[in-house]
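>>> Give me a model of this one.
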Amino acid sequence: MTKNDSDYDRRFAAALSEAIIARDVSLTWLHRHLHDRATPVSMATLSYWRSGDRHPEGTTSRAAVDEIEALLGLSPGSLSELIQPIARVGALPAAYVPSAAEISAAIEEITKVLGTTPSSGLRDLSTLTTVEVGSNGAVESVTMRALVQSTMPSMTSVPLFDFVPEPGVEPKKIVNVIGGTLAPPYVHPGGKVVCDVLTLDRPVPAGGTTMIEFTELYAPGYPQTRQASHAVSRPARQTAIWVRFHPDAVADWCEEFVDAGEGEAVRSLEVAGTSVHVFRFGFGPATLGVRWGFDD
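Below is the predicted model:
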C-alpha cells in the first residue's frame, strides 16, 4: 500500500464511504465478512481505503475490492474501476483444478508450448454456463460467458482447454467468440487434451478484467453426454450453470455434483419448467456440475 492523492483514489474513497453508509454497516462488519470469504483485509487498511490515505494495490487487494462490491450490494466494477492502475502485482495462492495427473501434465505442457497464459495468470471471477439439451436428451451446445481477471503484469490470451473422451473423436467446435480472436486448436501429442487459444482484443493489466463469451458445439459423432460442469482453480465470485432442455426431452431427474478432489457431493435438483440451474457464490477451487436422466 502506498499513499496517493490522485483523483482516482479520492473517487474510490468517496464511493466506498458512501456505499458503507448506504448499506448501514461498519468497518468491523466489513472486516469480519471479508475474512469469512477468504479475502481478509485489516481494519487499519480498510480505514485507510475509506479515508483515501491509501488505495488498493496488488491482485489480492483487488480481489478484496470485488468482494466488498458484493457485500455492499454494488454492481461489479463500481469500485474497482475507480482505482488507479497499479504497477506492482500481488501474489495469490497457487491455482488448482481437480483432474487426473495425466491431464494436468498435458495442460502444463501445452501452456509452455503455446506460450499462453498459465493457470496462475488469471482468475475466474464470474461465469455463466448455459447448456442446451437436444431432443435426444444429450448436450448439443454449451455457451460460456465469463468475467476474467488478470493476475500477471499483462494478460494477452486465455487458453480454452477441452478433453477428448475417446481416441478418434472430433473435438468440440468453438464458435460465436466475443472478446478476442481464436487460433486453430492445438492437440496435445497424447491425444486427450485440446487447447484453443483466445487472443484478447486488448492486453489486460494486473488486476484488470475482461469479458469473454463463446459457444462449444458438439459434433454429430461426439459421445452423448447427459451432464455439464465447470471447474474453477481459485474461489470465484459467481459460478452458475443453466441447463435448458428440449421440450420433448425434459429430464425425469436431475442432480448437482461438487468435486473438490475428495469425491463427489451430490444432491437432487427439481426441474422448473424446461430448465434447471445451480449457483454458487465464492465457489472453488472445485468442479460444479449438473447431470440428468430419464426413467425409461
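>>> Would you agree Gly261 is in contact with Gly284?
No - using C-beta atoms under 8 Å, Gly261 is not in contact with Gly284, being 11.2 Å away. (Each C-beta comes from the backbone N, C-alpha and C, glycine too.)
>>> what about those two, which has more around it?
Neighbours were counted for Gly261 and for Gly284 using other C-beta atoms under 10 Å; Gly284 has more, 24 against 11.
>>> Could I get the phi/psi values of the residue nearest in space to the middle of the chain?
The central residue of the chain, meaning the one whose C-alpha is nearest the mean C-alpha position (C-alpha atoms, centre = their mean), is Asp124 at 2.6 Å. Summarising the backbone geometry of Asp124 under the convention degrees, to the nearest 10, its torsions are phi -80, psi 100.
>>> what is it paired to in the beta sheet?
Each beta-bridge partner of Asp124 is listed here, defined by DSSP bridges: Val148.
>>> That one reaches Val148, doesn't it?
Yes - because the distance of 6.2 Å satisfies C-beta under 8 Å, Asp124 is recorded as touching Val148.
>>> joint contacts of Gly261 and Gly284?
Shared between the contact lists of Gly261 and Gly284 (criterion: C-beta atoms under 8 Å, 6 or more residues apart in numbering) there are no residues.
>>> Validate this expectation: Glu140 resides in a strand.
Yes - counting by DSSP: H, G, I helix; E, B strand; the rest coil, Glu140 falls inside a strand.
>>> Number the chain from 678, please
With the count now opening at 678, the last piece we talked about shows up as Glu817.
>>> quick one: it from Val852, how far?
Look at Glu817 and Val852: by C-beta to C-beta, to the nearest Å, they are 13 Å apart.
>>> Between those two, which has more neighbouring residues?
Legend: neighbour count by other C-beta under 10 Å for Glu817 and Val852, higher for Glu817 (16 against 12).
>>> circling back to that earlier point, shared neighbours of Glu817 and Val852, anything?
By C-beta under 8 Å, 6+ apart, the residues touching both Glu817 and Val852 are Leu894.
>>> Going along the chain, name the helices of the stretch 828-973 of the chain.
Here the stretch 828-973 of the chain has no helices by DSSP state H, counting those that start in this stretch.
>>> Can you pull out the low-pLDDT segments for it?
Across the stretch 828-973 of the chain, not a single residue meets the criterion (pLDDT under 70).
>>> all strands for it, in order.
Defined through DSSP state E, counting those that start in this stretch, the strands belonging to the stretch 828-973 of the chain, from first to last, are 831-840, 850-855, 857-859, 863-864, 870-882, 886-894, 904-909, 913-921, 930-936, 941-946, 952-960, 963-970.
>>> any chance of those in TSV, plus distance to Thr716?
Shown next, in TSV, are the strands of the stretch 828-973 of the chain (distance: least, C-beta to C-beta, whole Å):
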stretch	distance to Thr716
strand 831-840	20
strand 850-855	29
strand 857-859	28
strand 863-864	35
strand 870-882	20
strand 886-894	16
strand 904-909	15
strand 913-921	10
strand 930-936	21
strand 941-946	24
strand 952-960	9
strand 963-970	17
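>>> what about Asp929, distance to Thr858?
Distance from Asp929 to Thr858, by C-beta to C-beta: 42 Å.
>>> cool, Gly867 as well?
Distance from Gly867 to Thr858, counting by C-beta to C-beta: 27 Å.
>>> Domain map for the protein?
Here the chain is described, according to automatic domain parsing, as comprising the domains 684-759, 778-970.
>>> looking at it, Gly959 is touching Arg911, isn't it?
No - applying C-beta under 8 Å, one finds Gly959 not in contact with Arg911, separated by 10.5 Å.
>>> Looking at those two, which one has more neighbours?
Residue environment comparison for Gly959 versus Arg911 gives the larger neighbour count to Arg911, 22 against 15, counting by other C-beta under 10 Å.
>>> Who does Ala942 form a beta bridge with?
Taking DSSP bridges as the rule, Ala942 bridges to Val935.
>>> Count the neighbours of it for me.
The burial count assigned to Ala942 is 11, neighbours taken as other C-beta under 10 Å.
>>> Contact partners for it?
Contact criterion C-beta under 8 Å, 6+ apart gives Phe934, Val935, Asp936 as the residues in contact with Ala942.
>>> Could you give me the buried positions within stretch 868-877?
Neighbour-count burial for stretch 868-877 flags Lys869, Val870, Val871, Cys872, Asp873, Val874, Leu875, Leu877 (criterion: 16 or more other C-beta atoms under 10 Å).
>>> and if you look at stretch 944-961?
Applying 16+ other C-beta under 10 Å to stretch 944-961 flags Leu946, Ser952, Val953, His954, Val955, Arg957, Phe960, Gly961 as buried.
>>> so which of the residues you listed would you say is closest to Thr887?
Checking the buried residues of stretch 944-961 against Thr887 with C-beta to C-beta, the nearest one is Gly961 at 19.4 Å.
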